[in-house]
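A.B. asks: Provided below are the primary sequence and the corresponding predicted coordinates.
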Amino acid sequence: MSNFIPEANAKFAIWLTAFLYNLDVILTRVGFPADVFSNLDALRSTYVDANSVAENPATCTKAAIQARNEARKVLEKALRQAIAEYLTNNHKVTDEDRDNLGLPIHKTGHTPVPVPSTYPDYTIATDVLRRLTVHFHDHGSEHRGKPAGVSGAVIHWALLDTPPKNVDELNLSALDTSSPFTVEFSEEQRGSRVYFCLAWQNSKGEKGPWSAIQNAIIP
């Protein structure tokens, strides 16, 4: 599912417009969360504005291009995560819907998706104030890519005064389709300790083994 989004900005803009327009039409029927759609639309607006500045010869500076590229990076990550979580294995999304959305159509022949057998290795960066950034990759691999059949990393975390006995005590969670994963905190939470644990999840929602629990202090 990694190559369906066009690389060229002009083609990306066309794909994006068609994707959001057709998604809006089927939003309720397929159970796509309205708040997630609103967030995607807001990120789209930010990207479109930044792209207009970068494409205008009168305002096309290195900073403008960098701002456009960063806006697209944030938007594309949100798109991939939303598609993986709410559309990819949604039986309410028809092949016609997928075609209209510009998404891959599932093959007729069923290819079994294995349950992940490995877990993510990860590091927690604390170099930005009030932010923890989790960089993850497959255990024992030098490559940053996910294992075959994996849609993303399930990340559980919690602010705790004492170390958790197991992952069930980590009450916050998210599915991130690509590294890194970033969590923002408030000023009042600085100095608190946050515990993390990760597992790979395949496209059927099946999880592999959990990683070791690590922790970091909010800077």
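C.D. replies: Nice, I can see it. Values in this document were obtained by computation on a predicted structure and should not be read as measured data.

A.B. asks: quick one, domains of the chain?
C.D. replies: Annotated domains of the chain cover 9-101, 120-217 [automatic domain parsing].

A.B. asks: helices or strands up against whichever strand or helix holds residue 155?
C.D. replies: Secondary structure assignment for residue 155, by DSSP states H and E: strand 150-159. Contacts defined by 3 or more CB pairs under 8 Å, 6 or more residues apart in numbering; DSSP states H and E place strand 150-159 against helix 62-86, strand 172-176, strand 181-184, strand 193-202. From N, CA and C alone the C-beta is placed, and that goes for glycine too.

A.B. asks: what would the domains of the chain look like in CSV with mean neighbour count?
C.D. replies: Formatted as CSV, the domains of the chain follow (neighbours: other CB atoms under 10 Å):
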stretch, mean neighbour count
domain 9-101, 15
domain 120-217, 16
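
A.B. asks: Distance to residue 113 added to those, as a markdown table?
C.D. replies: Converted to a markdown table, the domains of the chain look like this (distance: least, CB to CB, whole Å):
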| stretch | distance to residue 113 |
| --- | --- |
| domain 9-101 | 10 |
| domain 120-217 | 5 |
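
A.B. asks: Export those as a markdown table, with columns for mean pLDDT.
C.D. replies: A markdown table is the format used below for the domains of the chain (pLDDT from 0 to 100):
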| stretch | mean pLDDT |
| --- | --- |
| domain 9-101 | 93 |
| domain 120-217 | 93 |
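
A.B. asks: got the contact list for residue 16?
C.D. replies: The neighbours of residue 16, taking CB atoms under 8 Å, 6 or more residues apart in numbering as the test, are 44, 47, 75.

A.B. asks: distance of it from residue 213?
C.D. replies: Computed with CB to CB, to the nearest Å, the distance linking residue 16 and residue 213 is 38 Å.

A.B. asks: cool, residue 65 as well?
C.D. replies: 41 Å.

A.B. asks: just the helices in this structure please.
C.D. replies: Secondary structure of the chain (DSSP state H): helices at 9-30, 34-55, 62-86, 95-101.

A.B. asks: Select, out of these, the one closest to residue 217.
C.D. replies: Taking CB to CB as the criterion, helix 62-86 is the member of these that comes nearest to residue 217, at 26.0 Å.

A.B. asks: Centroid-nearest residue for this structure?
C.D. replies: Closest residue to the average C-alpha location of the chain: residue 81 at 3.6 Å, with CA atoms, centre = their mean.
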